[in-house]
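A.B. asks: need a structure here:
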Amino acid sequence: MTESWALSGDLATLWVVLACALVAASAVLLVFELRRAGRSRRGAAWVAGSGLLALVALLAAVLRPIHIEERGASVGARLVVLLDASRSIDLPGDDRRPRREVVSELLPKLSDHFAGVRTRWLSFGSEPKAVDVAEKKTFEAPPELGSDLSAALEFLAEGTDERPQAIVVVSDGRLDRPGPERTAAHVEHAVAGLEVPVHTVALAKGSPPDAAVVNVRMAGAVVAHQPVSMTVEIACTGGLSCDQIPVVARELHLDEKPVGRASGVAELSGGRATVDLDVTLDRAGKRIIEVAIESPDGDAIPDNDRRYLTVDVARDRVRLLHVAGRPTYDVRALRTWLKSDASVDVVAFFILRTHDDDVMATQDELALIPFPVDELFTVHLPSFDAVILQDFDARPYGLSKHLRSLARYVKQGGGLIMVGGPNAFVQGSYARTALADVLPVELDGIGRADGVDLASFVPQLTAAGRHAPVLEPLITLIGRALPEMPGTNVVGDVREGATVLLEHPERKTRDGSAMPVLALGEYGSGRTIALTVDGSHKLLFSTFAVGAAGRAHGAFWDALLGWLMRDPRFEPARVSVAQGCVAGEPLELEARAIFVDEGAPAEVVVARMGSGEEVARQQVEIPGDGAPVRVQLRALSAGGYTATVRLTRQGRSAPSRYDFACEVGGQEWADPRPDPDRLAIVSKQTGGVAVDASGIDDLPLPRAAQVVAERRVDPVMPPWAWTLLAATALGVHWVVRRRVGLS
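C.D. replies: You can find the predicted model right below:
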């Protein structure tokens, strides 16, 4: 039991202070009066004593003191231990051991040192999380790509749980927040209202010898076919000697080796340097860029010598190469539509004669421009976003020798559309060529004599076609009925992984399936479309097109080109990485279906860039309300990856693709130097103690908390008694004053 005295608390603090001030002023005035009156020492003493007694009685009557008795018990102090779970604690420490091992060694030491203290253990990265360290020999919290101590302190300050008496932070000091500048001010803001000491334990003091790519910045938006400046910051720390370090930037592709985009040499001064590289990317969409340096001798952390950037490449205009064999109605309709679209930059060629034609004139008398096949398909091919080959025979115009280059162009991210006609597909000399492997349909086993079927027919929508976003604009305008086509090119089976949207109502392929009329496919990093008819102009001018006012033709081709350019409007599903990818740690993908009212089964495939090696394949059920489904994958190694999702409910949809990269340490490993000075500032600002890993015993123990179970408050006297006492004391003082001759 404890006893104490206090005031009644009826008056606010301001009034208590005012009452005390008035009593003190009255006492001063009384002394001043006695000194001026010149009375005997004995009389003055009686007046002063009675006056002071009256003032005290009057003040007591106003404040009314009370007596407090408390019964209770003390409980262990409340302590919160914040353990740094960022990726940086996997870096080497002072003795080349990972800092995570140092954390594991500190866990039992902290538990023993704070025995009897109620301890709450939290890890912090991007946000604080509860961790179970009971009887654990290792710190097993998964590494995170951030280290936000301020967020953890704000979480404790704003929480509704019991406030701790102290906080202990175990970290290497390499923090996102508070930053290296104005650390004290940031800490003061984070712990506002908490008012507890924050002790810190530094995991390391010295930096390992290391050369690293610290940061990569892109100057402005990245537009296809236009150079952009890339600034690479490089640093050597830990006493590593660096003078010149080669730097290279490469673009990753699915089935191709990385393509070099820029290179340079960093001239280091004071252990740091920046290199500006001019990079030109040919394809729009997400691109994975690898920036790497050549590791110098003695580099203790080679994993931070390369960084991966996911770059969103925009396009100013879609640049198309349209090559047609002859100016048919279908060719003219497509060329006119392409020319009318301000977002399309089209280079179009009509082939009006071949080298075998006898024009009965010399070359210098001909006004026609020769077809620049060699120049287009060697020098300028990478500058185009897509190539349209419409009713075009490769052999007479010298294109055959460039088909391998055209196939490689698609594999590296270009688009290709082959449109039917008397000189397309098998009739166009494309069978058994490198380009035949690119198309989403097979051409083998079909002779030139059987390469065209001139019988009219009406294409039929497949199950996938009825639900494909790429045909939704067309179906919205004209419904599911399609115009009659004046024949078709004959093609074989659809290739594995390709999607058939339109099929022939009667013709069959060798495996007995309906012959594809419109098929979509992927090849490497690019996309391909096969349209076996040359009658799409009937969507523009025909009795069938009147109902849609000719708009169906533009809607059809706009969607095909949009899908070819990976426009999100025409993707049936979307896949993305939920929380970023850390090499060596489990990965979580998010997949969602678009334009699907009901749930749909889907297949998610992940392949490694460069080799095309499949590293994961899972069957999932995607909700139809647009909600994502989370796909758990095993840990991946560092590098670039491609994730694709394909719906399988109504036929196999065209796959939707997402490129991403996994890094070992990311920005957390860009600067491996620990920062114990920043931890010391945190402790100093909050009244805590900063120690290293060997100084756990120097951490002060928080005081035990007192829990009150019973509290009794008794007034010393009732209010009327205090009033009577004050009145009596004032009366006595008045009598004494009169006796000594004071008024």
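A.B. asks: for the stretch 301-450 of the chain, which segments count as helices?
C.D. replies: Using DSSP state H, counting those that start in this stretch, the helices assigned to the stretch 301-450 of the chain run over residues 329-340, 373-378, 403-411.
A.B. asks: make a markdown table out of these and add mean neighbour count.
C.D. replies: (C-beta placed from N, C-alpha, C; glycine too.) Formatted as a markdown table, these follow (neighbours: other Cβ atoms under 10 Å):
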| stretch | mean neighbour count |
| --- | --- |
| helix 329-340 | 18 |
| helix 373-378 | 15 |
| helix 403-411 | 19 |
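A.B. asks: just so I know, which of those lies nearest Gly220?
C.D. replies: Checking the helices of the stretch 301-450 of the chain against Gly220 by Cβ to Cβ gives helix 403-411 as the closest, at 27.0 Å.
A.B. asks: what's that closest one packed up against?
C.D. replies: helix 373-378, strand 514-523, strand 526-531 (3 or more Cβ pairs under 8 Å, 6 or more residues apart in numbering; DSSP states H and E).
A.B. asks: tell me what angle the last one forms with helix 329-340.
C.D. replies: Put plainly, it is strand 526-531. On the basis of axes from the mean of the first three to the mean of the last three Cα atoms, to 10 degrees, strand 526-531 is oriented at 140 degrees to helix 329-340.
A.B. asks: I'd like the next helix or strand past the least confident helix or strand in the chain by mean pLDDT.
C.D. replies: The weakest-scoring helix or strand in the chain, judged by mean pLDDT, DSSP states H and E, is strand 705-715 (a mean of 68). Once strand 705-715 ends, the next helix or strand along the chain (criterion: DSSP states H and E) is helix 719-739.
A.B. asks: give me the domain ranges for this protein.
C.D. replies: 2-67+711-739, 77-206+674-703, 216-315, 318-564, 570-667 (automatic domain parsing).
A.B. asks: residues making contact with the strand or helix carrying Pro505?
C.D. replies: When elements are defined using DSSP H and E, Pro505 is found to belong to strand 499-508. For strand 499-508, contacts defined as Cβ atoms under 8 Å, 6 or more residues apart in numbering pick out 440, 453, 457-462, 464-465, 468, 470-471, 482, 488, 490, 494, 514-521, 651-654.
A.B. asks: pull out the buried members of those.
C.D. replies: 440, 453, 457, 459, 461-462, 464-465, 468, 470-471, 482, 488, 490, 494, 514-521, 651-654 (16 or more other Cβ atoms under 10 Å).
A.B. asks: sorry, back to before: how about the strand holding Pro505: buried residues?
C.D. replies: For strand 499-508, burial by neighbour count (16+ other Cβ under 10 Å) applies to 499-504, 507.
A.B. asks: note down every partner strand of that strand and its orientation.
C.D. replies: Strand pairing for strand 499-508, determined by DSSP bridges: strand 460-461 (antiparallel), strand 514-523 (antiparallel).
A.B. asks: now mean pLDDT and distance to Arg99 too, for those strands, in a markdown table please.
C.D. replies: Output for the strands paired with strand 499-508, formatted as a markdown table (pLDDT from 0 to 100; distance: least, Cβ to Cβ, whole Å):
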| stretch | mean pLDDT | distance to Arg99 |
| --- | --- | --- |
| strand 460-461 | 94 | 60 |
| strand 514-523 | 94 | 43 |
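A.B. asks: how about those strands, which one is nearest Val191?
C.D. replies: Using Cβ to Cβ, those put strand 514-523 closest to Val191, at 53.4 Å.
A.B. asks: how far off centre is the closest one?
C.D. replies: How far strand 514-523 lies from its chain's middle: 35 Å, per Cα atoms, centre = their mean, to the nearest Å.
A.B. asks: same question, stretch 22-37
C.D. replies: Put simply, stretch 22-37 sits 75 Å off its chain's centre (Cα atoms, centre = their mean).
A.B. asks: ok, now stretch 259-279?
C.D. replies: 26 Å.
A.B. asks: name the residues of it that are buried.
C.D. replies: For stretch 259-279, by 16+ other Cβ under 10 Å, it's 261-262, 264, 266, 268, 273, 275, 277, 279.
A.B. asks: widest-spaced pair of those?
C.D. replies: Arg261 and Leu268 (22.8 Å).
A.B. asks: list of residues touching the helix ranked longest in the chain?
C.D. replies: If each helix of the chain is counted by residues according to DSSP state H, the longest one is helix 13-37. Applying Cβ under 8 Å, 6+ apart, the contact partners of helix 13-37 are 7, 11, 44, 47-48, 51-52, 55-56, 58-59, 62-63, 741-742.
A.B. asks: of those, which belong to helices?
C.D. replies: By the criterion of DSSP H, membership of these in helices covers 44, 47-48, 51-52, 55-56, 58-59, 62-63.
A.B. asks: okay if I get those as CSV plus distance to Tyr329 and pLDDT?
C.D. replies: As requested, the ones in helices among the contacts of helix 13-37 are arranged in CSV below (distance: Cβ to Cβ, whole Å; pLDDT from 0 to 100):
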residue, distance to Tyr329, pLDDT
Ala44, 128, 77
Val47, 126, 76
Ala48, 123, 80
Gly51, 120, 80
Leu52, 118, 86
Leu55, 114, 83
Val56, 115, 85
Leu58, 113, 86
Leu59, 109, 82
Val62, 106, 84
Leu63, 105, 82
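A.B. asks: what would those look like in TSV with neighbour count and distance to Val716?
C.D. replies: Formatted as TSV, these follow (neighbours: other Cβ atoms under 10 Å; distance: Cβ to Cβ, whole Å):
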residue	neighbour count	distance to Val716
Ala44	18	31
Val47	23	27
Ala48	17	25
Gly51	24	23
Leu52	17	19
Leu55	20	18
Val56	15	13
Leu58	21	15
Leu59	19	13
Val62	21	14
Leu63	19	11
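A.B. asks: sec struct for Pro208, please.
C.D. replies: coil (DSSP: H, G, I helix; E, B strand; the rest coil).
A.B. asks: dihedrals phi and psi, it?
C.D. replies: Per-residue torsions, Pro208: phi -70, psi 150 (degrees, to the nearest 10).
A.B. asks: show me what contacts it?
C.D. replies: 91-92, 96, 238, 300-301, 672.
A.B. asks: please read off the pLDDT at it from the model.
C.D. replies: pLDDT recorded at Pro208 is 89.
A.B. asks: separation between it and Ala266?
C.D. replies: 20 Å (Cβ to Cβ, to the nearest Å).
A.B. asks: about what we covered before: export the strands paired with strand 499-508 to a markdown table and tack on distance to Thr378?
C.D. replies: Shown next, in a markdown table, are the strands paired with strand 499-508 (distance: least, Cβ to Cβ, whole Å):
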| stretch | distance to Thr378 |
| --- | --- |
| strand 460-461 | 40 |
| strand 514-523 | 20 |
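A.B. asks: looking at the buried residues of stretch 259-279, which gets the smallest pLDDT?
C.D. replies: Confidence-wise, Leu268 trails the rest of the buried residues of stretch 259-279, at 88.
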